[in-house]
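*Asks:* no sequence on this one, just coordinates:
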């Protein structure tokens, strides 16, 4: 049964590490890694906060490793919340990812990548908005097309992109070492002077660092396509977090070896400012490498999130055609097509950063529910096989910390948070109509069926074969 219509196990440990590292290391470390420095007001304290944020995200990743190994199904946090709390909380998680986290993130990143691709062409003037949007649209189309065509192509692209961004960081690190060897270490003298140890400064700097490390959970959306997930999922997460923490710390040291803290805080793109002072005529290379880095985050997000929507549709939380896969290429083309459409809509927004702040509130809310569900599952299903088992106090504490982040976000960004809650309310209405209203009139059901058939013919997608017929290549 080599031609079984199924998603196949073809993502290796190495590719899994590339996916996670490629998603986490996006634009932040290149463009504006100054949030922590700005709030802590000292080099020494900022480095401590970078390490603490990395440790916190690693602990979060450990909890996800337990959940992924215990419940080895694609869909990540959506599956874990559904297992713990049932149907509706899982739908809320899916809806937030569907409407905010995935398309908003890809739309914003595509515009950032486009800006840095065009920057060397327009070095002394503003990049034309029309050209910026055109390149952004082309990037999204290209990456979605690769994901629709072949999973191996998408993961290989991710490996190449991850290698490219690590090369860019290696250039920065080597330059920084050279400057340190030459004795340019003024930024590290009296490194804790003027530190702001107030609770507000710590909270805001933690908030900045928290998002700089986001992306470690995305491999959990691909568990069913991961080779030997019980071994490779936790290994990939731990290896990736170790690589990212080390790279972030060393890169910040390299920046400070060349730039003063004041220059970093004022810079709109630290890596570009760094290149201007160190790379001479080759400084044009850095914006291109930043763009490639951002494309890696876009590609990994599309690859991972399409599986989430695919699984959600199988549970009747999304239209039925989104639970189908392309009959020839065995990819979730329907979900990828919807991601493309939503992303193109958000690309036309005049205030994409407002949407990103809504996205942040949604993600922190999801984490709170996931960790609460992990604690509850210890009591609800004590006999569940857990190849990895963290102390129950860990998800309990992380739940409280995530809840504090939600409250802080709500306090700082009340308008965005309220709008996010309103969108959840709209999703609730759709959930009641689509999922709970089982006895729909024939004329409504026929329209729904017609839409599913239309997309099935348009995208050449078919229902996935039964689990009992599954044979992995």
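*Replies:* Yes, it's here. These numbers were taken from a predicted model, which means no experiment stands behind them.
*Asks:* how far out from the middle of the chain is the helix or strand that contains residue 171?
*Replies:* Applying DSSP states H and E as the criterion places residue 171 in helix 151-181. Mean-position distance between helix 151-181 and its chain equals 18 Å (CA atoms, centre = their mean, to the nearest Å).
*Asks:* show me what whatever helix or strand comes next after it is packed against.
*Replies:* Where DSSP H and E defines the elements, the next helix or strand beyond helix 151-181 is helix 199-212. In terms of contacts (3 or more CB pairs under 8 Å, 6 or more residues apart in numbering; DSSP states H and E), helix 199-212 is packed against helix 28-31, helix 35-40, helix 43-70, helix 393-412. The C-beta positions use only the backbone N, C-alpha and C, and glycine is treated the same way.
*Asks:* can you redo these as a markdown table with distance to residue 145 and mean neighbour count?
*Replies:* Output for these, formatted as a markdown table (distance: least, CB to CB, whole Å; neighbours: other CB atoms under 10 Å):
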| stretch | distance to residue 145 | mean neighbour count |
| --- | --- | --- |
| helix 28-31 | 26 | 24 |
| helix 35-40 | 35 | 22 |
| helix 43-70 | 29 | 21 |
| helix 393-412 | 35 | 17 |
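*Asks:* residue 309: which of those is closest?
*Replies:* Of all those, it is helix 43-70 that lies closest to residue 309, at 18.4 Å by CB to CB.
*Asks:* quick one: mean pLDDT for the closest one?
*Replies:* Averaging pLDDT along helix 43-70 yields 87.
*Asks:* what's the answer for stretch 454-472, then?
*Replies:* For stretch 454-472, mean pLDDT is 68.
*Asks:* tell me which helix or strand in the chain has the weakest average pLDDT.
*Replies:* Every helix and strand in the chain was compared by mean pLDDT, DSSP states H and E; the lowest is helix 28-31, with a mean of 69.
*Asks:* so the closest residue to residue 236 other than its chain neighbours: helix, strand or coil?
*Replies:* In space, residue 236 comes closest to residue 16 once its chain neighbours are excluded; the distance is 3.6 Å by CB to CB, 6 or more residues apart in numbering. Here residue 16 is helix, with the state taken from DSSP: H, G, I helix; E, B strand; the rest coil.
*Asks:* so who does residue 16 touch?
*Replies:* 219, 222, 226, 232, 233, 236, 240 (CB atoms under 8 Å, 6 or more residues apart in numbering).
*Asks:* now, which of these lie within helices?
*Replies:* Among these, the members falling in helices (DSSP state H) are 232, 233, 236, 240.
*Asks:* doesn't residue 462 fall inside a strand?
*Replies:* Yes. Checked against three-state DSSP, residue 462 lies within a strand.
*Asks:* quick check: residue 205 touching residue 40?
*Replies:* Yes. At 5.1 Å, residue 205 counts as touching residue 40 under the criterion of CB atoms under 8 Å.
*Asks:* quick check: neighbours shared by these two?
*Replies:* 46, 49.
*Asks:* so which other helices or strands are in contact with the helix holding residue 171?
*Replies:* Other elements packing on helix 151-181 under the criterion 3+ CB pairs under 8 Å, 6+ apart are helix 13-24, helix 129-149, helix 229-258, helix 270-278, helix 285-314.
*Asks:* any idea of the mean pLDDT for the shortest one?
*Replies:* This predicted structure assigns helix 270-278 an average pLDDT of 82.
*Asks:* just the angle between it and helix 151-181, please?
*Replies:* Orientation of helix 270-278 against helix 151-181 (axes from the mean of the first three to the mean of the last three CA atoms, to 10 degrees) gives an angle of 50 degrees.
*Asks:* repeat that for the last one.
*Replies:* Using the same axes, to 10 degrees, the inter-axis angle of helix 285-314 relative to helix 151-181 is 140 degrees.
*Asks:* in its sheet, what does the following helix or strand past helix 285-314 sit against?
*Replies:* With elements assigned by DSSP H and E, the helix or strand that comes after helix 285-314 is strand 324-326. Sheet pairing for strand 324-326, assigned by DSSP bridges, gives strand 461-463 (antiparallel).
*Asks:* contacts for the partner strand?
*Replies:* 5, 321, 323, 324, 325, 326, 327, 333, 334, 455, 456.
*Asks:* who's in contact with the second one?
*Replies:* In this structure, residue 321 makes contact with 313, 334, 451, 452, 455, 456, 459, 461, judged by CB under 8 Å, 6+ apart.
*Asks:* swap in 7 Å and give it another go.
*Replies:* The contact partners of residue 321, taken as CB atoms under 7 Å, 6 or more residues apart in numbering, are 334, 452, 455, 456, 461.
*Asks:* my guess is the first one contacts residue 460, does it?
*Replies:* This points to residue 334. No. Judged on CB atoms under 7 Å, residue 334 makes no contact with residue 460 at a distance of 10.0 Å.
*Asks:* residue 149 against residue 328, yeah?
*Replies:* No. Using CB under 7 Å, residue 149 is not in contact with residue 328; the gap is 9.6 Å.
*Asks:* more neighbours: those two, which one.
*Replies:* Between residue 149 and residue 328, counted using other CB atoms under 10 Å, residue 149 has the larger neighbour count: 15 against 12.
*Asks:* name the nearest residue to the more buried one, sequence neighbours excluded.
*Replies:* Closest residue in space to residue 149, ignoring its immediate chain neighbours: residue 329 at 5.7 Å, by CB to CB, 6+ apart.
*Asks:* the one you found touches residue 147, doesn't it?
*Replies:* No. Using CB under 7 Å, residue 329 is not in contact with residue 147; the gap is 9.8 Å.
*Asks:* who's more crowded, these two?
*Replies:* Neighbour count, other CB under 10 Å: between residue 329 and residue 147, residue 147 has more, with 25 against 15.
*Asks:* ok, now which ones touch the more buried one?
*Replies:* Residue 147 is in contact with 154, 302, 303, 306, 331, 336, counting by CB under 7 Å, 6+ apart.
*Asks:* separation between the closest residue to residue 35 other than its chain neighbours and residue 322?
*Replies:* Closest residue to residue 35 apart from its sequence neighbours, by CB to CB, 6+ apart: residue 208 at 2.9 Å. According to CB to CB, to the nearest Å, residue 208 stands 35 Å off from residue 322.
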